[in-house]
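Visitor: Provided below are the primary sequence and the corresponding predicted coordinates.
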Amino acid sequence: MSFRVRLTVIYATILTAFFLCFAGFSYFMVRLTLLSALDDNLIGLTEKVVSSAEVFEQGSLTVMNFPEDVGIFQSASIFMIVVDGNTGQIASRSENLKAYQGLLTNIETTFSDPEFKTIEINNQTLRVLTYPLIVTDPKEASGERLVGYIQMGQLMDSVQTTLQQLSVIMIVTGGAVFVFFLFMGAGTTHMMLRPLAEITSVALQITRADDLSRRIPDRGRGDEIGDLTMALNQTFERLENLFRSQQRLLADVSHELRTPLTSIRGNLDLMQRMGEMDEDSIEIMQDELKRMSRLVGDLLLLARADGGSTPLRKVEMELDTVVLDVFRQVQPLALEQEVTVKMTGIEPVRIYGDIDRIRQLLLILVDNGIKYTNAGGSVNLNLSSEDGRGVILVKDTGPGISEDHLPYIFDRFYRVDKARTRHLGGSGLGLSIAHWIVKAHQADIQVTSEVGVGTTFTLSFEILEDIFANGHVDEGDTERTTPIRLPLPSLRSRNRNAS
């Protein structure tokens with residue numbers, strides 16, 4: 001059974017059940033009203049008879065005399081029996097009950113309040129009122145004495161007929177209501193689920209045609225259907241990005257590995273033709289093998305990070321000490337490139353992080369600045385404490401990056417100047433690793449650049465005191481594993497590596 005049919009049946013069943021409950025309540029109230037009217041009529045008839053009766057005292061006996069010309073007994077639907085309170089025998093009965101022997105209802109005990117019962121006599125339903133007859137007697141302690149009972153009965157034909165007609169009307173109406181709600185529910189459900197059918201149709205077309213560039217038409221709805229459309233379109237967009245990223249990643253990796261392999265094979269062929277070892281060729285092959293090893297190592301690190309299997313050993317650390325270590329470590333490379341690395345300012349800052357990963361992050365940024373700064377330029381390092389955060393600035397005087405490229409510099413294998421980056425030994429993965437390290441430490445990284453002036457990377461870490469104050473880290477916790485997903489490469493081809 002389809003969801004549409006189930007929803008229609010449930011909708012019709014619930015509304016019909018509500019109608020039946022209302023009908024049952026109405027039936028009960030009508031029956032109660034009719035019985036109440038019938039009971040009032042019986043009380044009125046009984047009081048009329050009692051008011052016209054005469055009571056005589058004959059010794060210890062009480063004689064009751066009821067007039068025979070009471071007009072109410074001319075109707076075949078009203079009956080009366082008078083019961084003597086002393087003997088319990090029938091003292092009088094109406095003419096239309098001469099053929100009936102016995103009481104209308106049994107009088108089991110002495111009572112002083114009127115009592116109503118519904119009985120069956122000869123397949124006839126009667127409503128019977130047993131009314132006590134009480135006279136004033138000064139000899140009694142209560143001042144009253146029970147002398148007998150009047151049983152006044154009336155046929156319930158009119159009441160039963162009315163209730164039967166009402167039952168038939170309700171049953172027929174209930175069936176009609178169910179059919180009406182069924183058809184109305186089917187139409188309403190079809191109208192409400194039609195957008196879902198359209199969404200399903202378009203989604204199936206997209207998956208069958210493997211055309212992830214298509215989108216489900218957005219009708220501008222502000223309800224759940226609109227939210228579903230937006231969510232599916234975002235999902236298709238993400239799948240398209242993942243698919244293109246995978247294709248681009250495979251192409252870039254193949255290209256990066258093909259270049260050193262081609263160089264190694266060419267040098268091996270050259271030495272084979274020469275029949276002797278060539279020192280220059282061996283040196284070139286060693287350089288290419290080193291570059292391949294770095295590339296494979298970086299790819300392995302990113303793959304582990306994507307899978308959440310790269311742990312971070314976070315401890316309390318002096319960020320200024322790590323900055324100074326990196327400053328000293330890059331001096332030989334700076335001298336080789338004829339670039340000056342300066343420490344423009346440093347303050348004591350304690351953070352909670354992985355020392356090796358923070359050092360790797362700073363080395364990537366400083367090394368990137370040195371490689372892209374022309375001879376005679378400079379790379380400036382600065383560490384300060386601002387508003388409870390440790391801020392590191394890595395500023396170079398290189399060629400800068402245009403605004404069109406800035407949003408994509410953390411993508412894998414992204415390059416602004418592809419030829420120059422490969423010549424410098426870059427693989428296009430450095431800044432992707434740097435971005436992962438930053439996010440794994442819940443830190444921030446921002447990039448500002450101006451073409452012809454230089455590029456500035458700004459790192460911001462929460463200092464240790466604020467981390468504990470905000471409850472981010474438990475005291476005594478000296479090791480933590482934090483899996484972080486890396487940013488995926490952009491959908492566009494880029495020509496320069498930002499790392």
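Guide: That came in fine, so what should we check first? Residues are numbered from 1 along each chain as shown.
Visitor: So which elements touch whichever strand or helix holds Thr229?
Guide: Element membership of Thr229, judged by DSSP states H and E, is helix 224-274. Applying 3 or more Cβ pairs under 8 Å, 6 or more residues apart in numbering; DSSP states H and E, we find helix 224-274 packed against helix 157-209, helix 279-306. Every residue, glycine included, has its C-beta placed from N, CA and C.
Visitor: I'd like the distance from that helix to the chain centre, please.
Guide: Helix 224-274 has its C-alpha centroid displaced from the chain centroid by 36 Å (Cα atoms, centre = their mean, to the nearest Å).
Visitor: try stretch 281-290
Guide: In terms of Cα atoms, centre = their mean, the centre of stretch 281-290 is set 57 Å apart from its chain centre.
Visitor: And for stretch 185-203?
Guide: On the basis of Cα atoms, centre = their mean, stretch 185-203 is displaced by 21 Å from the centre of the chain it belongs to.
Visitor: can you list contacts of it?
Guide: 3-4, 7-9, 11-12, 15, 214, 216-217, 219, 221, 225, 228-229, 232 (Cβ atoms under 8 Å, 6 or more residues apart in numbering).
Visitor: Please flag which of those sit within strands.
Guide: Using DSSP state E, no member of these falls within strands.
Visitor: from these, which would you call buried?
Guide: Taking 16 or more other Cβ atoms under 10 Å as the criterion, what is buried in the contacts of stretch 185-203 is 4, 7-8, 11-12, 15, 216, 225, 229, 232.
Visitor: Now these in a markdown table, please, with extra columns for distance to Ala203 and pLDDT.
Guide: A markdown table is the format used below for those (distance: Cβ to Cβ, whole Å; pLDDT from 0 to 100):
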| residue | distance to Ala203 | pLDDT |
| --- | --- | --- |
| Arg4 | 17 | 70 |
| Leu7 | 20 | 77 |
| Thr8 | 24 | 77 |
| Tyr11 | 26 | 75 |
| Ala12 | 30 | 79 |
| Leu15 | 32 | 81 |
| Ile216 | 7 | 77 |
| Ile225 | 13 | 78 |
| Thr229 | 10 | 82 |
| Leu232 | 7 | 84 |
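Visitor: could I get the residues you listed as CSV with distance to Ile206?
Guide: Below are the buried ones among the contacts of stretch 185-203 laid out as CSV (distance: Cβ to Cβ, whole Å):
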residue, distance to Ile206
Arg4, 23
Leu7, 26
Thr8, 29
Tyr11, 31
Ala12, 35
Leu15, 38
Ile216, 8
Ile225, 18
Thr229, 13
Leu232, 9
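Visitor: Name the nearest of those residues relative to Thr130.
Guide: Proximity of the buried ones among the contacts of stretch 185-203 to Thr130, judged by Cβ to Cβ, is greatest for Leu15, which lies at 45.4 Å.
Visitor: which non-adjacent residue is nearest that closest one?
Guide: Distances taken as Cβ to Cβ, 6 or more residues apart in numbering place Phe181 nearest to Leu15, at 4.5 Å, with adjacent residues excluded.
Visitor: measure the one you found to Met170 for me?
Guide: Taking Cβ to Cβ, to the nearest Å as the measure, Phe181 falls 15 Å from Met170.
Visitor: same question, Val82
Guide: Distance from Val82 to Met170, by Cβ to Cβ: 41 Å.
Visitor: so what's Ala443 up against?
Guide: 459-462.
Visitor: ok, Thr136 - contacts?
Guide: Thr136 makes contact with 143-145, according to Cβ under 8 Å, 6+ apart.
Visitor: By neighbour count, which of the residues you listed wins?
Guide: Ranked by the number of neighbours (other Cβ atoms under 10 Å), the contacts of Thr136 place Arg145 first, at 15 neighbours.
Visitor: Am I right that it is in contact with Leu133?
Guide: No. If you go by Cβ atoms under 8 Å, Arg145 and Leu133 don't touch, sitting 9.6 Å apart.
Visitor: Columns mean pLDDT, mean neighbour count and distance to Ile437 on top of the helices and strands packed on helix 224-274, output as CSV?
Guide: Output for the helices and strands packed on helix 224-274, formatted as CSV (pLDDT from 0 to 100; neighbours: other Cβ atoms under 10 Å; distance: least, Cβ to Cβ, whole Å):
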stretch, mean pLDDT, mean neighbour count, distance to Ile437
helix 157-209, 80, 14, 37
helix 279-306, 72, 15, 9
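Visitor: In a markdown table: the ones you listed, plus distance to Arg359.
Guide: Shown next, in a markdown table, are these (distance: least, Cβ to Cβ, whole Å):
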| stretch | distance to Arg359 |
| --- | --- |
| helix 157-209 | 46 |
| helix 279-306 | 15 |
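Visitor: Can you list the low-confidence ranges for the stretch 1-150 of the chain?
Guide: Counting by pLDDT under 70, the stretch 1-150 of the chain contains low-confidence residues at 1-3, 53-76, 108-112.
Visitor: Mind jotting down where the helices sit in it?
Guide: Per DSSP state H, counting those that start in this stretch, the stretch 1-150 of the chain carries helices over the ranges 3-51.
Visitor: on that earlier part again, considering the contacts of Ala443, which member attains the minimum pLDDT?
Guide: Across the set of those, Glu462 stands lowest in pLDDT, at 90.
Visitor: Can you get me a residue count around that residue?
Guide: 21.
Visitor: same deal with Pro260?
Guide: Pro260 is flanked by 20 other residues according to other Cβ under 10 Å.
Visitor: Kindly state the pLDDT recorded for it?
Guide: You'll see Pro260 listed with a pLDDT of 72.
Visitor: go on, Glu316?
Guide: In the predicted model, Glu316 carries a pLDDT score of 92.
Visitor: Which of the three states applies to it?
Guide: Under DSSP: H, G, I helix; E, B strand; the rest coil, Glu316 falls in the strand class.
Visitor: For it, give the beta-bridge partners.
Guide: Tyr352 (DSSP bridges).
Visitor: wait, what's in contact with the residue nearest to Gly390 when sequence neighbours are not counted?
Guide: In this structure, Gly390 finds its nearest non-sequential neighbour in Val349, 3.8 Å apart by Cβ to Cβ, 6+ apart. By Cβ under 8 Å, 6+ apart, the residues touching Val349 are 318-320, 383, 385, 390, 461, 463.
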